[in-house]
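**Student:** Return a 3D structure for these sequence lines:
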Amino acid sequence: MSTFSERLVGAARLDARIFEEIEGDTSATGQAMMAVVLSSIAAGIGTVSVGGFGVVALTLGTLIALTSWVVWAVLTYLIGTRLLPEPQTRADVAELLRTTGFASAPGLLRMIGVIPGLGWIVYITTSIWMLAAMVIGVRQALDFTTTGRAIAVCAAGWVLSLLIAFLVGVSFGPTVQ
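**Tutor:** Residues are numbered from 1 along each chain as shown. Take a look at the predicted model:
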């Protein structure tokens with residue numbers, strides 16, 4: 001059994017064996033949630049240079065990242081188990097939360113976005129990387145036989161969650177005067 005840090009690195013490396021291990025390990029739920037929280041805090045730190053609003057940007061960036069992940073995970077579960085399941089798809093919410101939680105591992109690098117000029121580049125790069133990790137995690141958790149189905153499920157959930165995050169950010173974010 002892998003350690004927490006080995007799982008983070010394995011998930012970031014897109015290692016399907018790590019995601020399979022995480023899916024089956026019911027004791028990894030707390031670790032998965034810790035990965036999400038750390039990734040969300042890293043997003044908040046990275047947001048400081050993009051938004052330039054200090055504590056407000058840090059707090060808002062963290063909350064938006066955490067909320068986005070929750071929405072993405074729930075949408076992915078619903079889409080993958082209700083709208084686009086394969087005949088052998090058998091998963092519970094906890095399995096998917098564990099794999100999608102560790103899929104946020106590349107998001108730990110979002111804190112590098114605090115370096116002026118790198119914010120958007122880091123955010124876009126890590127978002128795409130997290131999407132790739134999510135595809136592998138979802139493929140393993142939902143027992144999909146094709147990566148294409150996992151891509152469709154994740155992409156639909158990703159687009160919807162990004163839209164929701166954008167709307168929340170616009171609605172509740174600080175205004176520039």
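
**Student:** Please state the mean pLDDT value computed over stretch 162-173.
**Tutor:** Stretch 162-173 carries an average pLDDT of 74.

**Student:** likewise stretch 61-76?
**Tutor:** So the average pLDDT for stretch 61-76 ends up being 82.

**Student:** where along this structure do the helices fall?
**Tutor:** 4-12, 16-24, 29-51, 55-78, 93-102, 119-141, 147-172 (DSSP state H).

**Student:** out of the ones you listed, nearest to Leu84?
**Tutor:** Nearest to Leu84, of all the helices of the chain, is helix 147-172, at 5.5 Å by Cβ to Cβ. Where C-beta positions appear, they are placed from N, C-alpha and C, glycine not excepted.

**Student:** Quick check: Ile22 touching Ala28?
**Tutor:** Yes - contact status for Ile22 versus Ala28: in contact at 5.1 Å, counting by Cβ atoms under 8 Å.

**Student:** Pull up the overlap in contacts between the two.
**Tutor:** Shared contacts of Ile22 and Ala28, defined by Cβ atoms under 8 Å, 6 or more residues apart in numbering, are found at Arg7, Arg98, Phe102.

**Student:** give me the low-pLDDT residue ranges for the protein?
**Tutor:** Within the chain, the stretches with pLDDT under 70 are 48-53, 173-177.

**Student:** Residue nearest the middle of it, spatially speaking?
**Tutor:** With distances taken as Cα atoms, centre = their mean, Ser104 lies nearest the centre of the chain, 3.8 Å away.

**Student:** quick one: contacts for that residue?
**Tutor:** Contact partners of Ser104, counting by Cβ under 8 Å, 6+ apart, are Ala35, Val36, Ser39, Ser40, Trp69, Met130, Ala133.

**Student:** Once you drop chain neighbours, what's closest to it?
**Tutor:** Distances taken as Cβ to Cβ, 6 or more residues apart in numbering put Ser39 closest to Ser104, at 4.0 Å, once the chain neighbours are dropped.

**Student:** Do I have it right that that neighbour meets Thr100?
**Tutor:** No - using Cβ under 8 Å, Ser39 is not in contact with Thr100, being 11.2 Å away.

**Student:** any common contacting residues for the two?
**Tutor:** Common neighbours of Ser39 and Thr100 (Cβ under 8 Å, 6+ apart) are Trp69.
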